[in-house]
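Peer 1: pasting the sequence and the predicted coordinates here, then a few questions.
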Amino acid sequence: MKKFSLLGVTLLLVVGVFSANLTEVFDTSKANSTIYKTAQADLEITNLDYEKSKIEAVNKKAELASELAFYNGLSSYNTSMKDYYSDILDRVLNVYIEEVNLKIANLQLKNAQIDYNNNKALYDRGLISNDGLKNSELNVKDAQTNLETVQLNLETALDNLKKVYNKDYKQIELKIPEYEGLFVTDEEYLAKNYNLKLVSLNVEMSQYDLNNLPYNVSQYDRRKAEVTHQKNLLTLEDLQYTLVDAHKTTKNTIETLYKTLQNLKERMDLSQSTYNDTKERFDKGLVSEIELNTANINYLTAQKNYYDSLKNYIKVYINYLIDTGRSPEEVGL
């Protein structure tokens, strides 16, 4: 088993003695996730049916049919597990994203209120029109409506997370999993691909049919069996090339997403530095409150973009693990 390293980047999370990594969150959430429990039930049925069909098989073709059903079940199970991990990631990261959205909405409302107050003073002195004041008032109402919507979104996100994970989400430690040591060879990737296994079984089955034609088979039936087998061989060859290309694309995607995350982290650090500088200037009376709030909004927006990209990166990362016969629990996200 290859070793994996984690880049210790933890953002605005309260990580204490009782912190939990994503692996622990995934493990805890299994008991409450309908997706996970359904996947396990389907897997058990797949295994039971496979054992039964192997016993009942009367010939090689029946055995191959049993194998086909079995690998179809395993393929469906992998898809369900991808859905499970994706669902938990959405529930966790959506809370943090909506918390950031709430901070942004509050700042936007503050800016709208400040702008309205300034325009009201100008209007009282006859320096702007009623339309100008009315526009500022509408901006405040829009900001209030947006704030209420974001508050509801955060409540929904918290409720969704609590349905599967009722521990303190602020103790969850989010790290960027490095891709060094993650990738397997094309041969290993193909060996773990269930779609390729299914097509290979179809080749075996058509070969069996061709080898076991009746002695007095018609020319039509013989030729049909030959063409069917040739078609299955072509499908297998084409799928192998397609999967090798897909493997290359997936690895490139993971590398690109990782580098994008690093850039977003740097941008976030830069915007935080800009905000801190603006805060110092504000304390000295050199910039306005609107400028301070805007700098804070820019920092929070960078943070939100980082969380969005982190979520996408980890999803692709986990999907690759599953496609290559591994799990997040083995890696320790």
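Peer 2: Cool, got the structure.
Peer 1: for the helix or strand hosting Glu155, packing partners?
Peer 2: With secondary structure defined by DSSP states H and E, Glu155 is part of helix 130-162. Using 3 or more C-beta pairs under 8 Å, 6 or more residues apart in numbering; DSSP states H and E as the contact criterion, the elements in contact with helix 130-162 are helix 60-124. Quick note: C-beta positions are derived from backbone N, CA and C, even for glycine.
Peer 1: tell me the contacts of Asp308?
Peer 2: With contacts taken as C-beta atoms under 8 Å, 6 or more residues apart in numbering, Asp308 has the following neighbours: Leu93, Ile97.
Peer 1: report the buried residues of the host helix or strand of it.
Peer 2: Element membership of Asp308 [criterion: DSSP H and E] is helix 289-323. By neighbour count, and taking 16 or more other C-beta atoms under 10 Å as the criterion, the buried residues in helix 289-323 are 292-307, 309-323.
Peer 1: so it versus helix 60-124, what angle?
Peer 2: Computed by axes from the mean of the first three to the mean of the last three C-alpha atoms, to 10 degrees, the angle separating helix 289-323 from helix 60-124 equals 180 degrees.
Peer 1: how near is the residue nearest to Leu264 when sequence neighbours are not counted to Leu161?
Peer 2: The spatially closest residue to Leu264, leaving aside those adjacent along the chain, is Tyr306, at 4.6 Å (C-beta to C-beta, 6 or more residues apart in numbering). With distances taken as C-beta to C-beta, to the nearest Å, Tyr306 is found 19 Å from Leu161.
Peer 1: for Gly285, same thing?
Peer 2: Noted for Gly285: a distance of 42 Å to Leu161, by C-beta to C-beta.
Peer 1: ok, these two, which is more surrounded?
Peer 2: Under the criterion of other C-beta atoms under 10 Å, the comparison of Gly285 against Leu161 puts Leu161 first, with 22 against 7.
Peer 1: hmm, that one is touching Leu93, no?
Peer 2: No: assessed by C-beta atoms under 8 Å, Leu161 is found out of contact with Leu93, at 9.8 Å.
Peer 1: what's around Asn59, how many residues?
Peer 2: The number of residues packed near Asn59 is 10, by other C-beta under 10 Å.
Peer 1: again with Arg281
Peer 2: Residues lying near Arg281 (other C-beta under 10 Å) number 14.
Peer 1: ok, now Thr46?
Peer 2: The local packing count at Thr46 equals 19, with neighbours defined by other C-beta under 10 Å.
Peer 1: tell me who's in contact with it.
Peer 2: With contacts defined as C-beta under 8 Å, 6+ apart, Thr46 is in contact with Ala69, Phe70, Gly73, Leu74, Ser76, Tyr77.
Peer 1: drop anything exposed from the residues you listed.
Peer 2: Buried members of these, counted by 16+ other C-beta under 10 Å: Ala69, Phe70, Gly73, Leu74, Tyr77.
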